[in-house]
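Asks: sequence? don't have it. structure:
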């Protein structure tokens, strides 16, 4: 039986791991990879202490920091499938058919990209449907493409794509754009980008590759089609909390509800931090601080159990 | 072993793939797909539109999976 298992290797999980290990807790960290959702970012410019760092470098320094600890065991790549309550703690099962037990858990499982969940999306993934504009924008040089989503990520993708594509449609189901004002300014001034608001994307059309998109235009109450060869989906992320939902309270978004002073969930012994929680501001710097809070609270919890 | 890595500038997994080959002292050729001919070649080989694509002696791998590459390069 371990003292604590940390699930996730993003900034929250690594922070929790460093603090748990330095408190001499018998700690196991299980993660698919390090760095969290920022690991694929081309550049991060708000990570305090670094003027500019690539997502890959960010993932690397986190991994180096956790591996430098003496009292930590790391399983990577490995994914948690289920968490169960057992008499003196918790048992988790992973996709490698391993099970591990600990008296306390810290959930820092982060999030994953949201999908449209419309016909054709899964079928044409990689055949025109894309989720990473910084990666794949040049592949769509001189083609017509659509970006779905009008938040910061959608605006950023439209700007990325306008450097290569012949035509970019920026589609939102909202009445107007919602992202950063300076990005909105660039988008509105671009001759290549056409903004379509109040539009509900319904279907991806294609043969061997994507050739179009069907959407419902709420203004004219009719279904319309666009001829595009690429569709970039930028509608945010969703928390990875399914595996623990039976044990802890979550809100309608699927976020784990925590006490923001302590990182405690509704289940004694389970703590959480970072993107998977109902933290309002989903930021790497905040995830690190919240990971520390969760680790210190887990330590106090174990002290009070008088098991240390 | 002849290896070609099809890349874009902003793609982190492309960088990871290149680092993997460098770390293991395996030589490779990089083809950036913002070049029209390279892009066409990548699409024809992989029949899809995502980077990175890695061609190891004609075997086409889409994306970067370190375990998979290790297995292939060990053969």
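Replies: It's in. Remember, predicted model here, so these are calculated numbers, not experimental data.

Asks: Can you tell me which residues in chain B are near chain A?
Replies: B:8-16, B:32-34, B:36, B:39, B:42-43, B:47-51, B:62, B:67 (CB under 8 Å from any CB of the partner chain). Where you see a C-beta, it was placed from the backbone N, CA and C, and this is true even at glycine.

Asks: List the buried residues for stretch B:51-68?
Replies: The neighbour-count check on stretch B:51-68 (16 or more other CB atoms under 10 Å in any protein chain shown) flags B:51-56, B:61-62, B:64-65 as buried.

Asks: Report the contact partners of residue A:158.
Replies: Residues near residue A:158 by CB atoms under 8 Å, 6 or more residues apart in numbering or on different chains: A:147, A:168, A:170, A:187, A:190, A:193.

Asks: Going by neighbour count, which of the residues you listed comes out on top?
Replies: Using other CB atoms under 10 Å in any protein chain shown as the neighbour test, the contacts of residue A:158 are led by residue A:147, with 31 neighbours.

Asks: pretty sure residue A:73 belongs to a strand, no?
Replies: Yes - counting by DSSP: H, G, I helix; E, B strand; the rest coil, residue A:73 is part of a strand.

Asks: From chain B, how far off is it?
Replies: From residue A:73 across to chain B, the span is 20 Å (CB to the nearest CB, to the nearest Å).

Asks: Quick test: name the residue nearest the centre of chain A.
Replies: For chain A, the residue sitting closest to the mean C-alpha position, by CA atoms, centre = their mean, is residue A:111 at 3.0 Å.

Asks: Phi first, then psi, for that one.
Replies: phi -140, psi 170 (degrees, to the nearest 10).

Asks: And the pLDDT for it?
Replies: Looking at residue A:111, its pLDDT is 96.

Asks: I figured it was touching residue A:10, is that so?
Replies: No - with contact defined as CB atoms under 8 Å, residue A:111 does not reach residue A:10; the gap is 9.1 Å.

Asks: Can you check which residues contact both of those two?
Replies: Residues touching both residue A:111 and residue A:10 comprise A:37, A:275, with contact defined as CB under 8 Å, 6+ apart.

Asks: Span of stretch A:140-158 from start to end?
Replies: Chord length of stretch A:140-158, first to last residue, is 12 Å (CA to CA, to the nearest Å).

Asks: gap between that stretch and the chain center?
Replies: 19 Å (CA atoms, centre = their mean, to the nearest Å).

Asks: Give me the distance between residue A:139 and residue A:208.
Replies: 15 Å (CB to CB, to the nearest Å).

Asks: can you pull out the helices in the chain?
Replies: Chain wasn't specified; assuming chain A. With DSSP state H as the criterion, chain A has helices at A:11-22, A:55-67, A:133-136, A:152-162, A:181-189, A:284-305.

Asks: meant chain B actually
Replies: Assigned by DSSP H, chain B shows helices spanning B:12-23, B:36-46, B:66-74.

Asks: could the ones you listed go into a markdown table alongside mean pLDDT?
Replies: Compiled in a markdown table, the helices of chain B are given as follows (pLDDT from 0 to 100):
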| stretch | mean pLDDT |
| --- | --- |
| helix B:12-23 | 91 |
| helix B:36-46 | 96 |
| helix B:66-74 | 84 |
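
Asks: Show me what from the stretch 201-308 of chain A comes close to chain B.
Replies: Close to chain B, as judged by CB under 8 Å from any CB, the stretch 201-308 of chain A has residues A:208-209, A:230.

Asks: Most neighbours among those residues, which one is it?
Replies: Busiest of these [other CB under 10 Å] is residue A:230, holding 27 neighbours.

Asks: hey, what's it bridged with?
Replies: With DSSP bridges applied, residue A:230 shows beta-bridge pairing to residue A:145.

Asks: just residue B:4 next, same as before
Replies: Judged by DSSP bridges, the bridge partners of residue B:4 are residue B:29, residue B:55.

Asks: Any chance of CSV for the residues of the stretch 201-308 of chain A next to chain B, columns distance to residue A:266 and pLDDT?
Replies: Output for these, formatted as CSV (distance: CB to CB, whole Å; pLDDT from 0 to 100):
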residue, distance to residue A:266, pLDDT
A:208, 49, 95
A:209, 47, 97
A:230, 43, 98
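
Asks: can you list these in TSV and add distance to residue A:261?
Replies: As requested, those are arranged in TSV below (distance: CB to CB, whole Å):
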residue	distance to residue A:261
A:208	55
A:209	52
A:230	46
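
Asks: show me what contacts residue 7?
Replies: Answering for chain A, as no chain was given. Going by CB under 8 Å, 6+ apart, residue A:7 touches A:13, A:30-31, A:80, A:92, A:105-109.

Asks: my bad, chain B
Replies: So residue B:7 contacts B:14, B:17-18, B:30-33, B:51-52 (CB under 8 Å, 6+ apart).

Asks: now residue A:250
Replies: Counting by CB under 8 Å, 6+ apart, residue A:250 has contacts A:239, A:241, A:256-257.

Asks: ok, of the residues you listed, which one's closest to residue A:123?
Replies: Within these, the smallest distance to residue A:123 is 26.0 Å, found for residue A:239 (CB to CB).
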